[in-house]
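Return a 3D structure for these sequence lines:
(chains A and B)
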Amino acid sequence: MDRSWLARVAGNLALAGFFSAAPAGAQSLAPSTSPSSSPPVWTAAAGYESFWLRDVARSGRPVDASPMEWRGDGPALIATYDRERPGRVHHFDASIALARGFSLHSPVRTLDAPDGDRARRLGARYEYRRYPFRNVGLLGLDLGIGAGADVEQLVFLRHFAPAIDLRSAVLNFGTSAVIAARLNRSRLDLLATFGNGLSIGRGTSRHRGEVETKLDGWGGGWQTHLGVHAAVRVHGRTAIVVSYLNSGEGRFASHDSITFGRSRFTVGAMYER
Amino acid sequence: MSAKWVLLSLLLAATAGSGCHAVYGPTPVKGDWQVLDTTHYSFNVRPGSFAEQNAGRLAEVLDEQYEATLRALDIRYAGRVSVFLYNSAADAGLDSERAGTAYPDTESVRATAVAPLNDGLFVLLSHEVNHVIQQNAIGRPGTSFMGEGLPSAVLSERFHQLGRTFLCDWTARRDAQIPSLSTLVDDDQWDSHDQQMTYNASASFLAYLLETGGPQRVKQLQRLDSAEFVKRFGEIYGRSLNDAERDWRAFCARGR
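Residues are numbered from 1 along each chain as shown, chains lettered A, B, ... in the order given. Model (predicted):
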């Protein structure tokens, strides 16, 4: 069964669960009505991430992207650190994902990509959120706004028959505006965030066929991410965390424009120090 | 309404409005398709369409072009190219009924394929598939001059008359209107000229270089960016771009 499909189903279920959950509490394990600071919260989680890429011929709306999509998936690891002050949250995360098993998807068929096709993503993100709207409609439901900054390195290894290798790497720096909703209950914390912003980055591309050529250049674009997290306290300071992230990015550079995205589903443990 | 709600509404509108392409995906490919495989291609055609009715002829032309491109540039590439042939410009999301776009990273092409079945359609599709073959075989271009010129410079003349012979005749007829090549190799000036002019002039010049000097040095031009093109051209060819341009115009004026 297509694992990216499973990730999307899991994500949709998580979204549905968040928006249909009746009464509940916030992102940290502390209740949102508490006026005092909460202790730092560490989370470690693992799961898998599906990755897709399409090349872009026109970056204006609607984006003219290729009818074929290069798609693969693989394991993902993420560590996060959250520190909450009354009404505000500092969030840090670092993640790594490796994708393989790539194929080229069209609306009607799937073609296997060469076995050696790979993608690797390393990312780190800081997000600052404030929750000026507390207990909106029901106890424990807070709405917030924030801003984020991130750095991300992507490496794609492509192969073309009969013996052509292409290694593309992108180092992106991004900023985004964020809106968030959190719901706190005694044993359950739910959080949904949506961020959208701009990125700038340097790309390098090394093509090795009969000769080897290397090109590099700066490019810019947009980035969007939608995340849903659920934490269920299981014992004292620990909780089980289930997260889903769907993100998309566009990178527009001279003779080298692409759009790519990922869906990540992880399960892990949260510890409140 | 409080300032907080105004702020939140603005932020929500800004984030939601500009982020939909990423979350919901760019330009999904809709509708019914039927896949027809040829030696080098997977044709995706609308059932009952003009493209489906003429798929055999299009396959003949494009399979020949594939081999001709490999021969002309002395390159090795064996990828299967997925070609999506639409019923109209509106169906394809393209600007005209004779338009196409290539996507080398995913070895695919999107184009309109409407009647009549003529040289214009053959050239359009040949040009687009050449983008895919060339970029994957020798790397992505550093200039629009190479990116758009080389796919037309190697057009096979077996099934139509719009290859290098046509380009040279066109050059002789339009000599006075063709801008200096030193401006065409500059990406900042490329779009300031008429598209047919830039495409034909670059293709004609590169076809001349291939015919008179072979493919090895032409391939070295592929990755050069605008800033270094003129200087590196002189090093590769042992003569300046201006001198080569003068020889090319004279070559075409003599009727090859």
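
in chain A, what residue is nearest chain B?
Closest contact between chain A and chain B, by CB to the nearest CB, is at A:Gly248 (2.7 Å). All C-beta spots, glycine's among them, are computed from the backbone N, C-alpha and C.

Specify the beta-bridge partners of that residue.
A:Thr224, A:Gly261 (DSSP bridges).

Helices of the chain, start to end?
You didn't say which chain, so I picked chain A. Applying DSSP state H to chain A gives helices spanning A:3-20.

you looked at the wrong chain, it should be chain B
Using DSSP H, helices in chain B cover B:3-24, B:50-53, B:55-73, B:89-92, B:119-138, B:144-153, B:164-173, B:181-184, B:187-190, B:195-213, B:215-221, B:226-237, B:241-253.

Tabulate those helices (JSON lines), appending mean neighbour count and mean pLDDT.
As requested, the helices of chain B are exported to JSON lines (neighbours: other CB atoms under 10 Å in any protein chain shown; pLDDT from 0 to 100):
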{"stretch": "helix B:3-24", "mean neighbour count": "14", "mean pLDDT": "55"}
{"stretch": "helix B:50-53", "mean neighbour count": "19", "mean pLDDT": "96"}
{"stretch": "helix B:55-73", "mean neighbour count": "19", "mean pLDDT": "97"}
{"stretch": "helix B:89-92", "mean neighbour count": "16", "mean pLDDT": "89"}
{"stretch": "helix B:119-138", "mean neighbour count": "23", "mean pLDDT": "96"}
{"stretch": "helix B:144-153", "mean neighbour count": "25", "mean pLDDT": "97"}
{"stretch": "helix B:164-173", "mean neighbour count": "19", "mean pLDDT": "96"}
{"stretch": "helix B:181-184", "mean neighbour count": "19", "mean pLDDT": "96"}
{"stretch": "helix B:187-190", "mean neighbour count": "16", "mean pLDDT": "95"}
{"stretch": "helix B:195-213", "mean neighbour count": "20", "mean pLDDT": "97"}
{"stretch": "helix B:215-221", "mean neighbour count": "19", "mean pLDDT": "96"}
{"stretch": "helix B:226-237", "mean neighbour count": "16", "mean pLDDT": "97"}
{"stretch": "helix B:241-253", "mean neighbour count": "17", "mean pLDDT": "97"}
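
Put together TSV for those, with distance to chain A on each row.
Conversion of the helices of chain B to TSV gives the following (distance: least, CB to the nearest CB, whole Å):
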stretch	distance to chain A
helix B:3-24	3
helix B:50-53	14
helix B:55-73	10
helix B:89-92	10
helix B:119-138	5
helix B:144-153	6
helix B:164-173	23
helix B:181-184	15
helix B:187-190	7
helix B:195-213	14
helix B:215-221	7
helix B:226-237	9
helix B:241-253	20
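
Close to chain B: what parts of the stretch 51-200 of chain A are there?
A:53-58, A:61-70, A:104, A:106-109, A:111, A:132-133, A:143, A:145, A:158, A:160-164, A:166, A:177-179, A:194-196 (CB under 8 Å from any CB of the partner chain).

May I see the PyMOL selection of the buried members of those?
Typed into PyMOL, the line below selects the buried ones among these, using 16 or more other CB atoms under 10 Å in any protein chain shown:
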select buried, chain A and resi 53+54+55+56+57+58+63+64+65+66+67+68+69+70+104+106+132+133+143+145+158+160+164+166+177+178+179+194+195+196
